[in-house]
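**Q** sharing a sequence plus its predicted fold:
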Amino acid sequence: RTADAAAARTAAARRGHEVAQAQRSAEREYLATLHDTACATLLMVAVRGQSIPGDVLRRQAAKDLRKLAAERVMTGESEVAGELREEIAENPLRVRAEFADGLGSAWHPAVVALRDGVAEALRNVARHSGVDHATVRAGRAGDRVTVTVSDDGAGFDVTLVPAHCRGLAWSVVERMASVGGRATVDSAPGRGTTVRLEWPHV
């Protein structure tokens, strides 16, 4: 009886831990999605000296609502190239896409993380780089998918990013980590920025 009681307590503790992990993961995903949608749109409106046509804002707001309302599919697979191309097509930058043959499909949450990571990286190019173009490259080696977003803009010192400027950390690095991937940022003043996304991270 003592052993059974101990086993039951252990099982209950394990279930509690798993539920807490799932709740934290869902909260991180929601915050990342909120940052990428409504917060990004409001920031775009708030930037002084930037005139944005009303129809552009309406389309962006409608897209934000679709993303926030969409139910996240946590099983199955999605086509990598298709998801990336769709995101790139909606970006105002001039984006050169260089995709290797055979990208194929991958676990849906991982593809979502790659897609949304690319979207946030491109938004950072538009906001901070001082250039209107970027390059997105995607390749696959076995089960590993690698995507990079690079620009030749102003660049920045990654060690001096203020604590409140957490777009890349929340929307890219933590999002990739939550699906077993990895994101790295390589930049320096005057030599542009490269964001590298990799799934899975082995």
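**A** Perfect, thanks for sending it. Residues are numbered from 1 along each chain as shown.
**Q** sheet-wise, list the partners of the helix or strand where Val136 lies with their directions.
**A** Per DSSP states H and E: Val136 is located in strand 133-141. Sheet pairing of strand 133-141 (DSSP bridges) gives strand 94-99 (parallel), strand 144-151 (antiparallel).
**Q** I'd like the next helix or strand past the helix or strand harbouring Thr41.
**A** Thr41 belongs to helix 40-46 when elements are defined using DSSP H and E. Once the chain leaves helix 40-46, the next helix or strand it forms, by DSSP H and E, is helix 54-69.
**Q** now do the SS call for the residue nearest the centre of the chain.
**A** What sits nearest the mean C-alpha location of the chain, by Cα atoms, centre = their mean, is Gly117, with 2.3 Å. Using DSSP: H, G, I helix; E, B strand; the rest coil, the structure places Gly117 in helix.
**Q** now do the one 3 residues further on
**A** Classification of Glu120 by three-state DSSP places it in helix.
**Q** any idea how far it lies from Gly82?
**A** Using Cβ to Cβ, to the nearest Å, Glu120 is found at 19 Å from Gly82. (Glycine included, C-beta is placed from N, CA and C.)
**Q** equivalent analysis for Asp101, please.
**A** In terms of Cβ to Cβ, Asp101 sits 14 Å off from Gly82.
**Q** show me what contacts Leu84?
**A** Leu84 makes contacts with 97, 99, 114-115, 118, 136, 138, 147, as judged by Cβ atoms under 8 Å, 6 or more residues apart in numbering.
**Q** any buried residues in the helix or strand that contains it, and which?
**A** Leu84 is located in helix 80-89, with elements delineated by DSSP H and E. Within helix 80-89, the residues that qualify as buried are 80-81, 83-85, 87-88, counting by 16 or more other Cβ atoms under 10 Å.
**Q** let's have these in CSV, adding distance to Ala7 and pLDDT.
**A** Listed next are those as CSV, based on distance: Cβ to Cβ, whole Å; pLDDT from 0 to 100:
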residue, distance to Ala7, pLDDT
Val80, 43, 96
Ala81, 48, 96
Glu83, 44, 93
Leu84, 47, 96
Arg85, 51, 95
Glu87, 48, 91
Ile88, 52, 94
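**Q** so what's Pro109 closest to, chain neighbours aside?
**A** Counting by Cβ to Cβ, 6 or more residues apart in numbering, Val179 is the residue found nearest to Pro109 once chain neighbours are left out, at 5.0 Å.
**Q** that should have said Ala100, apologies.
**A** Gly139 (4.1 Å).
**Q** return the set of residues that bridge with the one you found.
**A** As for beta bridges, Gly139 partners with Thr146 under DSSP bridges.
**Q** would you mind measuring from it to Leu103?
**A** Noted for Gly139: a distance of 8 Å to Leu103, by Cβ to Cβ.
**Q** any idea how many residues pack against the residue nearest to Pro109?
**A** Neighbours of Val179 under the rule other Cβ atoms under 10 Å: 20.
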